[in-house]
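In: no letters, just coordinates:
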Ligand SMILES: Nc1ncnc2c1ncn2[C@@H]1O[C@H](COP(=O)(O)OP(=O)(O)OP(=O)(O)O)[C@@H](O)[C@H]1O
């Protein structure tokens with residue numbers, strides 16, 4: 001990935017370039033805090049990030065450093081700003097007229113809210129999977145190929161890229177013989193894995209997931225959870241979940257938001273669930289609040 005990719009949505013004549021990879025060279029200058037170790041590099045950083053819908057403040061001066069190639073869970077009671085935070089990472093809030101953002105969201109050295117950043121290009125680097133599976137009314141193959149097409153990467157080996165994405169999404173084995181059937185004919189869990197395949201086909205750096213398993217049964221949920229852990233070997237995953245057991249099971253880091261869009265605590269998941277610093281977080285984790 002390069003800064004230039006964020007600045008232009010049209011300059012995708014990148015056939016001669018390797019696929020975007022995390023940890024891109026040349027982007028570390030502005031994020032070089034001197035504290036990033038070789039094992040844990042910050043890929044996303046919110047600096048004093050506030051989001052408003054009209055007069056209402058949904059996120060309150062959030063500071064957070066999200067490490068690369070790990071699963072970061074975002075938890076907290078309903079209405080505390082979890083989805084708003086997630087959507088602020090790839091500027092999905094731009095699509096809400098009343099939304100207004102203060103502060104910075106730095107992605108690999110670039111403030112995504114800088115005037116010259118193209119949100120469409122940004123969303124190619126930071127993909128998203130939503131709560132309800134939302135495949136297009138197209139074939140399985142075309143669903144996955146869609147992301148490649150939009151990015152101008154639908155060259156000769158689309159089929160191979162489609163198969164690779166389906167394999168990464170742990171779906172290939174189940175659909176190998178029906179790639180031309182409608183994505184809508186799959187089960188809910190399969191549809192969600194299809195949406196994950198669609199999100200990873202263009203090879204983003206980050207995958208944002210907004211309660212990706214909340215509409216699924218326990219078996220399908222378990223498959224998605226296994227998949228998320230595997231995806232973190234290659235991608236940086238940020239997942240909003242209402243399910244604290246799920247956060248505890250699959251995430252490396254956990255961010256706890258509480259009422260008013262305040263990020264109260266962010267730490268290793270084990271620490272958050274076993275020995276949180278803040279009483280309010282403990283109350284929330286133990287069910288006394290929220
Ligand atoms: N499009 C919008 N327009 C106006 N207000 C909004 C919009 N989206 C969210 N809000 C408000 O912003 C606050 C935070 O909402 P958000 O959806 O981010 O919370 P959440 O923690 O994800 O909630 P939930 O767990 O219920 O999904 C809430 O008060 C909500 O009503």
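Out: Good, I have the coordinates. From a predicted model like this one, the values you see are computed outputs, not experimental measurements.

In: quick check: end-to-end length of stretch 193-207?
Out: Taking Cα to Cα, to the nearest Å, stretch 193-207 runs 13 Å from one end to the other.

In: same question for stretch 179-189.
Out: The separation between the terminal residues of stretch 179-189, taken as Cα to Cα, is 17 Å.

In: what sits up against that stretch?
Out: Contacts to stretch 179-189, defined as Cβ atoms under 8 Å, 6 or more residues apart in numbering, come from residues 133, 135-141, 143, 162, 175, 191, 194, 215-217, 219-221, 223-224. Every C-beta, even on glycine, is put in place using the N, C-alpha and C of the backbone.

In: and residue 227, helix, strand or coil?
Out: helix (DSSP: H, G, I helix; E, B strand; the rest coil).

In: contacting residues for it?
Out: Contact analysis of residue 227 by Cβ under 8 Å, 6+ apart lists 169-170, 193, 196.

In: repeat that for 6 Å
Out: Neighbouring residues of residue 227 by Cβ atoms under 6 Å, 6 or more residues apart in numbering: residue 170.

In: the contacts of stretch 179-189 in helices, which ones?
Out: 140-141, 143, 162, 175, 191, 194, 219-221, 223-224 (DSSP state H).

In: pLDDT below threshold where in this protein?
Out: For the chain, the stretches flagged by pLDDT under 70 are 1-39, 153-156, 289-290.

In: near the ligand, which residues of it?
Out: Counting by Cβ under 6 Å from any ligand atom, the residues of the chain close to the ligand are 53, 58, 76, 78-84, 96, 98.

In: quick one: which two of these are the most distant?
Out: Longest distance between any two of the residues of the chain next to the ligand is 21.7 Å, between 76 and 98; criterion Cβ to Cβ.

In: and those two? Which one has more around it.
Out: Counted by other Cβ atoms under 10 Å, residue 76 and residue 98 do not tie: residue 76 has more neighbours, with 23 against 10.

In: please report the distance of the more buried one from residue 238.
Out: As judged by Cβ to Cβ, to the nearest Å, residue 76 and residue 238 stand 14 Å apart.

In: re earlier: can you select the buried ones among the contacts of stretch 179-189 for me in PyMOL?
Out: Under the burial definition 16 or more other Cβ atoms under 10 Å, those of the contacts of stretch 179-189 that qualify are selected in PyMOL by:
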select buried, resi 133+135+139+140+141+143+162+175+191+194+215+216+220+221+223+224
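
In: quick one: contacts for residue 75?
Out: Taking Cβ under 6 Å, 6+ apart as the criterion, residue 75 is in contact with 247, 256.
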